[in-house]
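Make a model of this:
(one chain, ligands or ions: 1)
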Amino acid sequence: MEESVANNADLRRLIEGNKRYISSNLKHPGRSSERRFELKHGQHPFAIILGCSDSRVPPEVLFDQGLGDLYVVRVAGNVVGKMIVASIEYAVLHLNVSLIMVMGHSQCGAVKATCDDEKLEGSLPSLTSALSPAFNSAKDMPGNLIENVAIANIRNVVKELGQTGVNFSEMIESGKLTIVPAYYNIGTGKVDLL
Ligand SMILES: [Zn+2]
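The predicted structure is shown next:
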């Protein structure tokens, strides 16, 4: 994955922002009123982040980015579904964003609830059922169950997005689109590419 970071300027920009965040050397780019005015004419984000809704994982903060930089889709457990795919298709096909990062994280409540097989109310079972393929594939792996399931889900979502997004598989093949799996550690602040 180191090689892909070196070859992809957008991915490098994310990783460099995360390094600033970890070292408390933040630039806080793109928060000025000038930037806000500039964006009145349209948006040209450089990356799409599909992440979890967890309040501890806001992409603009942990990648040290500003207004108009990131196109963010957040849903508990960073799962996919039709509306999620549609939101991402909009950014790929209409905003010409060529990098998608699927970012799961440590201590994820949605993953934990799936592993604990909790009885949940309302619409919550739709989230755990979206995570159940990851649970089934990772449940017998050695190591930390919640981390293993979170990582299996990230990989499943990368694959599913590549297959279901309109034209995505052709774009990936021709190098016009990259989808990267990543894991954020809540304790250290570091985003690792998987
Ligand atoms: Zn989460």
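
what does the average pLDDT come to for stretch 88-98?
If you average the pLDDT over stretch 88-98, you get 98.

List of residues touching it?
For stretch 88-98, contacts defined as Cβ atoms under 8 Å, 6 or more residues apart in numbering pick out 10, 43-48, 50, 71, 73, 100, 161, 165-168, 171, 176-178. C-beta here means a position set from N, CA and C on the backbone, and glycine is covered the same way.

Restrict the helix or strand hosting residue 170 to CA atoms and write it as PDB.
When elements are assigned from DSSP states H and E, residue 170 belongs to helix 168-173. What follows is helix 168-173, C-alpha atoms only, in PDB (Å, rounded to 0.1, in the frame of the first residue of the first chain):
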ATOM      1  CA  PHE A 168     -16.800   1.800 -11.200                       C
ATOM      2  CA  SER A 169     -15.300  -1.500 -12.200                       C
ATOM      3  CA  GLU A 170     -14.300  -0.200 -15.600                       C
ATOM      4  CA  MET A 171     -13.000   3.000 -14.100                       C
ATOM      5  CA  ILE A 172     -10.900   1.000 -11.600                       C
ATOM      6  CA  GLU A 173      -9.500  -1.100 -14.400                       C
END
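
coming back round to it: return the subset of the contacts of stretch 88-98 lying in strands.
Where these overlap with strands, as defined by DSSP state E, the overlap consists of 47, 48, 50, 71, 73, 100, 178.

Could you rank those residues by neighbour count and give me the top one?
The residue in those with the most neighbours, by other Cβ atoms under 10 Å, is residue 50 (28 neighbours).

For the residue of the chain positioned farthest from its centre, give me its contacts.
Each residue of the chain has a distance to the centre, and by Cα atoms, centre = their mean the biggest one is for residue 34: 28.1 Å. Contact partners of residue 34, counting by Cβ under 8 Å, 6+ apart, are absent.

May I have the lengthiest helix in the chain as CSV, with CA atoms only?
Counting by DSSP state H, the longest helix found in the chain is helix 145-164. C-alpha atoms of helix 145-164 as CSV (Å, rounded to 0.1, in the frame of the first residue of the first chain):
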residue,chain,number,x,y,z
LEU,A,145,-13.0,-10.2,17.2
ILE,A,146,-14.3,-6.6,16.9
GLU,A,147,-11.2,-5.4,15.1
ASN,A,148,-11.3,-8.5,12.7
VAL,A,149,-15.0,-7.9,11.9
ALA,A,150,-14.4,-4.2,11.4
ILE,A,151,-11.6,-4.9,8.9
ALA,A,152,-13.6,-7.7,7.2
ASN,A,153,-16.4,-5.2,6.7
ILE,A,154,-14.1,-2.5,5.3
ARG,A,155,-12.8,-5.0,2.7
ASN,A,156,-16.3,-6.2,1.9
VAL,A,157,-17.5,-2.6,1.4
VAL,A,158,-14.6,-1.8,-0.9
LYS,A,159,-15.4,-4.8,-3.0
GLU,A,160,-19.1,-4.2,-3.1
LEU,A,161,-18.7,-0.5,-4.0
GLY,A,162,-16.4,-1.5,-6.9
GLN,A,163,-19.0,-3.9,-8.2
THR,A,164,-22.2,-1.9,-7.7
